[in-house]
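[1] curious how this folds, go ahead:
(chains A, B, C and D)
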Number of protein chains: 2
Amino acid sequence: MTATRQRFVETAAALFMQQGYAGSGLKQISTESAAPIGSLYHFFPGGKEELAAETLQWAGKAYQDLVEAVFVASPDIVSGVRNCFEGAAATLESTNYADACPIATVALEVASTNEALRAVTAGIFDEWLGMVAGRLTAAGLTKRDAKELAATLVAALEGGLLLSRAARNTTALRSIGRSMATLVETALAHRRTATT
Amino acid sequence: MTATRQRFVETAAALFMQQGYAGSGLKQISTESAAPIGSLYHFFPGGKEELAAETLQWAGKAYQDLVEAVFVASPDIVSGVRNCFEGAAATLESTNYADACPIATVALEVASTNEALRAVTAGIFDEWLGMVAGRLTAAGLTKRDAKELAATLVAALEGGLLLSRAARNTTALRSIGRSMATLVETALAHRRTATT
DNA sequence: TCGCCATTAGAATGATCGTTCTAGCAGTGC
DNA sequence: GCACTGCTAGAACGATCATTCTAATGGCGA
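    Here you go, the predicted model:
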C-alpha cells in the first residue's frame, strides 16, 4: 500500500511550508503522519533529503494544477490573473495564514546550503514560469514579452504571499493582484496596437 | 566595548539569510563571530530569539538605507527602480547567490511558528513599504496608488530574489526589473494625463 | 498451511541543539 | 591594594536531531 507513503508526502508538504526544512523534524512528520519512523525510512531510504525532494515535486505539481484550474475557470487571462491573487488571499485568510507557497520557504533555506534540493526548487519554478508564459503567448504576446511577464507574475505572487503572511493581512496581496491584472491588460493592449 | 555585540549581529544576519533561523546554530554563530557562547548570552540574555530580533532590525534598516541610497543616486524614480533591481542582480552574482534579502528567509520560517519574530518581520516590511510609497507620492502619485505600487515593487523584488537565487541566474530578476520600471513609468504617465 | 516479503514498530546511537553554569580575566573607582 | 563590574571562556546539561538497527507483524502466493 502506498497510502502511508502519500501521507508522509502530504504532511511533510504542510510542515515544510509552515516551518521550513530545518525546522521540521522527522519525528514530528512521522507522528503527524500516524506512521513510525521505520516506515519513513522504508519508503525514503535517502532520508530527509529524499522525502523533501519528493514532497517539493508533489506540492509544486499540485500548486501548478491549482493555478491552471483557476485560469481555465476564468473567462480571460486578465481575470485569471486577478482570480489567482484573490484566491491566494482567500486561502491565506481561511487557513490562518498557514497555506501559502509550498516551495518558497524551503527554496530560500536550501538555495545556498543544499545543492540537490536547490536544483529541485529551481526546476519547479521553471515549470511554473513555462506554464504562465505559455498562457501569455497563447494570448498573443511574443515569447520574449511572455517570459518577462511570467517572471513578474510569479515573483509578484511569491512576494505578495511573503508580505501578507508576515503582516497577517491580505491587503498587500490584493493590491498586488490589481497591479498585476492591469499590467497584463496593458501588455495585451500594447500587442493589439502593435499588430493590428 | 560593543564591537563583539555588533559582530554577533552581523554574522547572524549573514547566516540567517543563507540558512534560515532554525538552520543556523548558536555554536556556529559564536564560532564565526570569534567570540564564545558566554558572550552571546551576555549581550542577548533572551537567547536566540532576542539575537534574531535585533539582527532582523539591523539588517532591515541596513537594506532600507541601501535602497534609499540607490534612489538618491538615481536621476529619477523610474531609473531608481531599475537600478535597485540591477543592483540586486549584480550583488547576487558577485556573492555567489548568497546575498539576497536578509528578512525573507526568516520571515517565511517564523510567520506561523514564532509570533514575536513574525511581528518584527512585519514591522520591517511595513517600514520598507512606507519608504517606497513616500517616494512614489513625492513623484506625484496619490497615496492610494502609491501604496498599491509600493507593495507591488517590494513583492516583485522579493519574488525576483527568490526565483534568481533558486535558479542561480539573474535572468528573472532583471526581467522583473524591466517590468517594474515600465509599470512605474506608465503609472506616472497616467497621473500626468489625469492632472494636467 | 507455510514461507516470503513489504511494512510496522520503536529502541538505540552519536551528534548537535539552545541554554545554563561556574570560573577567570581585565580594567575602573576608591 | 581592593572590591566591583563587564566580559570572556568553555564545560556541562537535557532535549532533540537524523539515522540505523533488530524484531515483529501482516497478508499474499504457492
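[2] for the rest of this, base every contact and every neighbour count on C-alpha atoms.
    Noted.
[3] okay, and A:Ser39 sits in which element?
    Using DSSP states H and E, A:Ser39 sits within helix A:37-43.
[4] for that helix, which positions count as buried?
    A:Leu40, A:Phe43 (16 or more other CA atoms under 10 Å in any protein chain shown).
[5] could you do stretch A:125-136 as well?
    Buried, per 16+ other CA under 10 Å, within stretch A:125-136: A:Phe125, A:Trp128, A:Leu129, A:Gly130, A:Met131, A:Val132, A:Ala133, A:Gly134, A:Arg135, A:Leu136.
[6] just how off-centre is the stretch of helix or strand the fourth one belongs to within its chain?
    Counting by DSSP H and E, the element that carries A:Gly130 is helix A:115-138. For helix A:115-138, the separation from the chain centroid amounts to 10 Å (computed by CA atoms, centre = their mean, to the nearest Å).
[7] can you tell me what sits against it?
    For helix A:115-138, contacts defined as CA atoms under 8 Å, 6 or more residues apart in numbering or on different chains pick out A:49, A:52-53, A:56-57, A:60-61, A:64, A:77, A:103, A:107, A:110-112, A:143, A:146-147, A:149-151, A:154, B:163, B:166-167.
[8] returning to that earlier point: report all helices and strands that the helix holding A:Ser39 contacts.
    helix A:3-19, helix A:26-32 (3 or more CA pairs under 8 Å, 6 or more residues apart in numbering or on different chains; DSSP states H and E).
[9] is the top helix by length along chain A in proximity to chain B?
    Longest helix in chain A, counting residues (DSSP state H): helix A:47-73. No - using CA under 8 Å from any CA of the partner chain, helix A:47-73 stays clear of chain B, coming no nearer than 13.2 Å.
[10] hmm, back to that, list the buried residues for whichever helix or strand comes after the helix holding A:Gly130?
    Going down the chain from helix A:115-138, the next helix or strand is helix A:143-167, by DSSP H and E. Of the residues in helix A:143-167, A:145-167 count as buried by neighbour count, 16+ other CA under 10 Å.
[11] what do you get for stretch A:82-100?
    Applying 16+ other CA under 10 Å to stretch A:82-100 flags A:82-86, A:88-89, A:92-93, A:97-100 as buried.
[12] mean confidence for it?
    The average of the pLDDT scores along stretch A:82-100 is 98.
[13] out of the buried residues of stretch A:125-136, who's nearest DNA strand D?
    A:Phe125 (24.4 Å; CA to the nearest atom of the strand).
[14] related to what we said a few turns ago, near DNA strand D, from the contacts of helix A:115-138?
    Among the contacts of helix A:115-138, proximity to DNA strand D is found for A:Glu49 (CA under 7 Å from any atom of the strand).
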